[in-house]
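Colleague: coords please:
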Amino acid sequence: MNESVHLSNAGSGAEYAAPDATVTVKIGSEHTDGQYEVFEIDAPRADASPPHAESWSKAFYVLQGRILVQAGDQGYDLGPGASISIPAGTVNTFSVLTPAAKFLAISQTGRMGAFFADLAGADPTDYAALGQISARHGVTIGAPS
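Modeller: Below is the predicted model of the structure:
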């Protein structure tokens with residue numbers, strides 16, 4: 001059991017380049033015994049990532065800008081101070097509606113951080129490798145069949 005306090009100041013934390021955002025680990029699973037993780041997501045306006053479903057639940061809390069979260073069959077427009085909880089297995093994606101957006105992503109387990117770490121080292125045009133990384137971490141691309 002991890003009994004130490006972890007502090008992450010502004011500008012600190014491991015940083016990963018994802019295809020649609022920069023992801024900074026604010027609280028990693030190693031600090032929570034794998035119970036949850038907290039990430040700061042800094043995303044420019046761009047096309048949404050492909051719809052996907054994770055094997056863990058997650059939540060977003062918007063700090064700056066606006067994002068459109070598609071979760072299941074519903075779209076949700078989130079601005080500063082808005083939050084959304086997305087259950088495990090729900091097909092989802094987001095797009096940025098303003099020039100940029102910054103939000104927190106909170107996920108159960110330590111799988112999201114491991115996914116971002118592997119994704120950061122991958123060639124974004126190598127779809128086979130991206131598919132393998134996704135499958136390895138419990139992420140299903142596209143709507144379930």
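Colleague: quick check, central residue of the chain?
Modeller: Ala105 (5.6 Å; Cα atoms, centre = their mean).
Colleague: measure that residue to Ser85 for me?
Modeller: 11 Å (Cβ to Cβ, to the nearest Å). For the C-beta atoms, the positions are set from N, CA and C on the backbone; glycine is no exception.
Colleague: what's the helix or strand for the closest residue to Asp20 other than its chain neighbours?
Modeller: Of all residues not flanking Asp20 in the chain, Ser49 sits nearest, at 4.7 Å (Cβ to Cβ, 6 or more residues apart in numbering). Under the assignment given by DSSP states H and E, Ser49 is not contained in any helix or strand.
Colleague: bridging residues for the nearest residue in space to Arg45 that is not next to it in sequence?
Modeller: In this structure, Arg45 finds its nearest non-sequential neighbour in Val96, 4.5 Å apart by Cβ to Cβ, 6+ apart. Listed beta-bridge partners, Val96: Ile67 (assigned using DSSP bridges).
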